[in-house]
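Peer 1: no sequence on this one, just coordinates:
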Ligand code: ADP
């Protein structure tokens with residue numbers, strides 16, 4: 001049976017922290033689908049098409065990784081894709097508290113799906129999409145932080 005994981009997030013934009021986490025997770029699964037959550041009421045900072053295109057380029061050499069968008073519940077998307085795992089990352093205790101809540105809710109509605117949480121590599125622990133957006137808004141060069 002193949003182990004399929006969904007790596008859900010906004011990825012607005014995908015950072016080198018997300019990519020490092022994804023790379024560390026690839027030996028654990030047969031396939032990982034990077035799933036960009038589309039919020040129909042909020043367009044986000046970077047257009048969805050641009051996010052998809054950039055992430056696809058960044059993972060082009062990772063055979064087991066696919067990139068898709070979705071606009072339903074993450075657990076419903078897992079079922080659609082035959083995925084038994086949700087991959088998430090935590091950088092600190094604030095992230096942990098947040099991820100714990102989401103994982104609890106997901107387990108409640110979909111007990112067949114297991115959340116797998118990896119600890120962030122310390123060198124990327126301060127990098128977040130929101131930090132990147134803030135720097136970009138103030139005209140700073142963000143290229144070294146994003147994929
Ligand atoms: P969301 O919009 O659902 O919070 P993000 O796109 O910000 O999602 O992030 C997706 C996942 O990646 C989350 O689990 C988040 O905690 C994790 N993550 C974000 N930045 C990093 C990082 N620098 N290192 C490891 N994991 C990270």
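Peer 2: Looks like it came in fine. Since we're looking at a predicted model, the values are computed, not measured.
Peer 1: Quick check: residue 80 vs the ligand, distance?
Peer 2: Distance from residue 80 to the ligand, counting by C-beta to the nearest ligand atom, to the nearest Å: 18 Å. Using the backbone N, CA and C atoms, a C-beta is placed for each residue, glycine as well.
Peer 1: Isn't residue 66 up against residue 36?
Peer 2: No: using C-beta atoms under 8 Å, residue 66 makes no contact with residue 36, being 11.5 Å away.
Peer 1: ok, the two, which is more surrounded?
Peer 2: residue 36 (21 against 15; other C-beta atoms under 10 Å).
Peer 1: so when I look at that one, I'm seeing a strand, right?
Peer 2: Yes: when DSSP: H, G, I helix; E, B strand; the rest coil is applied, residue 36 is found to be in a strand.
Peer 1: Show me what it is bridged to.
Peer 2: residue 9, residue 69 (DSSP bridges).
Peer 1: Report pLDDT for the residue of the chain found nearest the ligand.
Peer 2: Closest residue of the chain to the ligand, C-beta to the nearest ligand atom: residue 17 (2.0 Å). Note on residue 17: pLDDT of 98.
Peer 1: Also residue 141?
Peer 2: 96.
Peer 1: Look at it and give its secondary structure.
Peer 2: coil.
Peer 1: What is the burial count for residue 118?
Peer 2: Residues within reach of residue 118, counting by other C-beta under 10 Å, total 15.
Peer 1: how about the lengthiest helix in the chain, does it get close to the ligand?
Peer 2: Determined from DSSP state H, the single longest helix within the chain is helix 93-109. Yes: judged by C-beta under 6 Å from any ligand atom, helix 93-109 and the ligand are in contact via 95, 99.
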